[in-house]
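*Asks:* Pasted the sequence and its predicted model underneath.
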Amino acid sequence: RKEVEQDPGPFNVPEGATVAFNCTYSNSASQSFFWYRQDCRKEPKLLMSVYSSGNEDGRFTAQLNRASQYISLLIRDSKLSDSATYLCVVSAGGGSYIPTFGRGTSLIVHP
Amino acid sequence: DAGVIQSPRHEVTEMGQEVTLRCKPISGHNSLFWYRQTMMRGLELLIYFNNNVPIDDSGMPEDRFSAKMPNASFSTLKIQPSEPRDSAVYFCASSEGAGVLETQYFGPGTRLLVL
């Protein structure tokens, strides 16, 4: 089993739709979780951190389910500009900050 | 701040040649990461420095790859000799500390093509 797994997609949705991605991780000791966004031929950029209690930033909501070892990203009212690849990042604990990136989920928002 | 700076942005070379990629992290950041991204393998961590010291290089594919960080504002990733399978986008990233909650800031990447 890979350390961090994501459905590569693409998820093809119309503007205004709500879309959700999941990311599963294998290391139960993982301590920190992030979602990054990567536009075509650009570098990854932090979208949001994922806290144990869940967190929301505008149209974006991230949640952590430790029991089932997955994190999720929900995007409401999708915009054309949301089209990108969304990378899940998981960091191990124990004093070691070694981030593991998922392969990413591709989102295409069409008019 | 200009963000993380990488050079060159594009590199085309022939198999067997030495390739040197350069990175200037964000001023004040203590951690630096080198990544490689390919369609087949996604984004892979190659090596991680904290306070200029290599902490984890388990992702470095083989002895042909080496990385240095002689000071807080400069790092290099060298491939010698290069091979076609090294073709990828190489990203450098930096973060302010070494804690598990630190955000990484990526440079624009170096697109390497080895013929």
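*Replies:* Nice, I can see it.
*Asks:* going forward, measure contacts and count neighbours with C-alpha atoms only.
*Replies:* Noted.
*Asks:* and the lowest-mean-pLDDT helix or strand in chain A, what does it pack onto?
*Replies:* Least confident helix or strand of chain A, by mean pLDDT, DSSP states H and E, is strand A:99-101 with a mean of 87. Applying 3 or more Cα pairs under 8 Å, 6 or more residues apart in numbering or on different chains; DSSP states H and E, we find strand A:99-101 packed against strand A:84-91, strand B:42-50.
*Asks:* Nearest spatial neighbour of residue 70, chain-adjacent residues omitted?
*Replies:* Assuming you mean chain A. Distances taken as Cα to Cα, 6 or more residues apart in numbering or on different chains place residue A:24 nearest to residue A:70, at 4.2 Å, with adjacent residues excluded.
*Asks:* not quite, I wanted chain B
*Replies:* residue B:52 (6.8 Å).
*Asks:* next one: residue A:99
*Replies:* residue A:91 (4.4 Å).
*Asks:* try residue B:22
*Replies:* residue B:76 (4.6 Å).
*Asks:* now swap in residue A:30 and tell me
*Replies:* residue A:92 (4.3 Å).
*Asks:* show me the contacts for that neighbour.
*Replies:* Applying Cα atoms under 8 Å, 6 or more residues apart in numbering or on different chains, we find residue A:92 in contact with A:27, A:29-32, A:98-99, B:100.
*Asks:* Now the buried members of the residues you listed.
*Replies:* Buried members of the contacts of residue A:92, scored by 16 or more other Cα atoms under 10 Å in any protein chain shown, are A:30-32, A:98-99, B:100.
*Asks:* For the residue nearest to residue A:70, name its beta-bridge partners.
*Replies:* residue A:5, residue A:70 (DSSP bridges).
*Asks:* Can you pull the residues of chain A lying near chain B?
*Replies:* Residues of chain A that fall close to chain B, judged by Cα under 8 Å from any Cα of the partner chain: A:31-32, A:42-46, A:91-93, A:95-104.
*Asks:* 7 Å - rerun?
*Replies:* Neighbours of chain B within chain A, by Cα under 7 Å from any Cα of the partner chain: A:32, A:42-45, A:91, A:97, A:101, A:103.
*Asks:* Buried ones among these?
*Replies:* A:32, A:43-45, A:91, A:97, A:101, A:103.
*Asks:* I'd like those as CSV, with secondary structure appended.
*Replies:* Putting these into CSV (DSSP: H, G, I helix; E, B strand; the rest coil) gives the following:
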residue, secondary structure
A:32, strand
A:43, coil
A:44, strand
A:45, strand
A:91, strand
A:97, coil
A:101, strand
A:103, coil
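*Asks:* Can you tell me which of those is nearest residue B:4?
*Replies:* Distance to residue B:4, by Cα to Cα, is smallest for residue A:43 among these, at 10.7 Å.
*Asks:* circling back to that earlier point, which of the buried ones among the residues of chain A next to chain B has the weakest pLDDT?
*Replies:* Among these, residue A:97 has the lowest pLDDT, at 65.
*Asks:* just to revisit the earlier point, I'd like the helices and strands packed on strand A:99-101 laid out as a markdown table, including distance to residue B:93.
*Replies:* Formatted as a markdown table, those follow (distance: least, Cα to Cα, whole Å):
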| stretch | distance to residue B:93 |
| --- | --- |
| strand A:84-91 | 14 |
| strand B:42-50 | 9 |
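*Asks:* show me where pLDDT drops low in the chain?
*Replies:* Just so you know, I chose chain A. Of all residues in chain A, those with pLDDT under 70 make up the ranges A:1-2, A:93-97.
*Asks:* switch to chain B, that's the one I care about
*Replies:* B:1, B:98-101.
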